[in-house]
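Novice: structure, please.
(one chain, ligands or ions: 1)
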Amino acid sequence: MNKITGKALAAAAVAWAGFAEAATAKYGLQEPQTKIAADIYDLHTFLFTVCVVIFVLVFGMMFWSILKHRKSLGHKAAHFHENTTVEVVWTIIPFLILLGMAIPATKTVVEMKDTSNPDLTIKATGYQWKWGYEYIRGEGDLAGVSDGVHFLSNLKTTMDEIYDKSTPKGENYLLDVDNELVVPVGKKVRVLLTAEDVIHAFWVPAFGVKQDAIPGFIRDTWFKAETTGIYRGQCAELCGKEHGFMPIVVRVVSAEEFAQWAADKKAAAAPTTTGVAPTGGDKMGDSSARSAGIVAAANLTASSK
Ligand SMILES: [Cu+2]
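Specialist: Here you go, the predicted model:
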């Protein structure tokens, strides 16, 4: 009998381990790719454990008390008031628990907010419903490599995939873009965030980055990706009917690949021999449309004089 119980327990443990692994893959946090994301992951595990322990202790004590001290067993309710020891204990213990949770959490939040000394600064602008990226001139060694590079990043998932039920959904359904945000590995990237129309939010779970992009304001955040690869995120602020259609895709590459990519982007954006900027579907109008507007405004000023 004991052997059978042992085997059953072992089988249950194996089944539970398998279930836990599958559940983690499906419902758990994404595998952290930055130190901050790893800190957040550990904090989540630690705080969740504290909550579970408190839950088990409180409910265990409650059910045990109800069952063991019920009226049918002949128990009579005890009457005690103003017990100083009990009151001191139940004030101090929660205070210590909160302190134990707040100290590591605050340390991580302070680290998250420290956007100083970046290697590279990128301005990300939220639009209904796409992201615009601009590699700006600023502090850091890498500023000269990519400064001035700017582009829009649109959803690549086809409308058929979204609306036509007979079309199979791709592997990265609603998480694929035409122009990825490319960054070098192991470098501190500061992201300046703003929006053109309504509030959006820049969220890349694997980097532990989530920051609102607010029209008229600049907020900043940072990440330092530790491994090359492609990491996906989404707008995390309900921003209109196509809120779910503005993903963020970050491609982390080596320093050489980054320099090459930046050079290619700059070459593609350079004016052609005819002096007309190439059309790259740049609806943001940062290049051709905006400069045409500037020229028109200059002409107006000139003619009014
Ligand atoms: Cu949005």
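
Novice: now the helix or strand containing F55: buried residues?
Specialist: Applying DSSP states H and E as the criterion places F55 in helix 35-68. Neighbour-count burial for helix 35-68, counted by 16 or more other Cβ atoms under 10 Å, picks out I36, A37, D39, I40, Y41, L43. For the C-beta atoms, the positions are set from N, CA and C on the backbone; glycine is no exception.

Novice: which residues are in contact with the third one?
Specialist: Taking Cβ atoms under 8 Å, 6 or more residues apart in numbering as the criterion, D39 is in contact with T108, E111, G208.

Novice: could you check the pLDDT of the second one?
Specialist: Which is E111. Here the pLDDT value assigned to E111 is 95.

Novice: that one and R219, how far apart?
Specialist: For E111, the distance to R219 equals 17 Å [Cβ to Cβ, to the nearest Å].

Novice: can you list the helices and strands that the helix or strand encompassing V182 packs against?
Specialist: Using DSSP H and E, V182 sits within strand 181-184. Judged by 3 or more Cβ pairs under 8 Å, 6 or more residues apart in numbering; DSSP states H and E, strand 181-184 is in contact with strand 120-127, strand 247-253, helix 255-269.

Novice: those: which one's closest to the ion?
Specialist: strand 120-127 (5.3 Å; Cβ to the ion).

Novice: so what strands line up beside the closest one?
Specialist: Using DSSP bridges, strand 120-127 pairs in its sheet with strand 130-136 (antiparallel), strand 189-195 (parallel).

Novice: list the buried residues in that strand.
Specialist: Here strand 120-127 shows L120, T121, I122, K123, A124, T125, G126, Y127 as buried, counting by 16+ other Cβ under 10 Å.

Novice: now pLDDT too, for the residues you listed, in a markdown table please.
Specialist: Formatted as a markdown table, the buried residues of strand 120-127 follow (pLDDT from 0 to 100):
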| residue | pLDDT |
| --- | --- |
| L120 | 92 |
| T121 | 93 |
| I122 | 94 |
| K123 | 95 |
| A124 | 96 |
| T125 | 97 |
| G126 | 96 |
| Y127 | 96 |
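
Novice: I'd like these written out as JSON lines, with distance to the ion added.
Specialist: Formatted as JSON lines, the buried residues of strand 120-127 follow (distance: Cβ to the ion, whole Å):
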{"residue": "L120", "distance to the ion": "24"}
{"residue": "T121", "distance to the ion": "22"}
{"residue": "I122", "distance to the ion": "17"}
{"residue": "K123", "distance to the ion": "16"}
{"residue": "A124", "distance to the ion": "11"}
{"residue": "T125", "distance to the ion": "11"}
{"residue": "G126", "distance to the ion": "5"}
{"residue": "Y127", "distance to the ion": "8"}
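
Novice: looking at E111 and R219, which has the bigger crowd around it?
Specialist: Per other Cβ atoms under 10 Å, whichever of E111 and R219 has more neighbours is R219, with 16 against 13.

Novice: contacting residues for the more buried one?
Specialist: Residues in contact with R219 (Cβ under 8 Å, 6+ apart) are L192, L193, T194, Q211, D212, A213.

Novice: farthest-apart pair in those residues, please.
Specialist: Largest separation among those by Cβ to Cβ: L192 and D212, giving 12.5 Å.

Novice: for stretch 27-47, what is the distance to the chain centroid?
Specialist: From the chain centre to the centre of stretch 27-47 is a distance of 11 Å (Cα atoms, centre = their mean, to the nearest Å).
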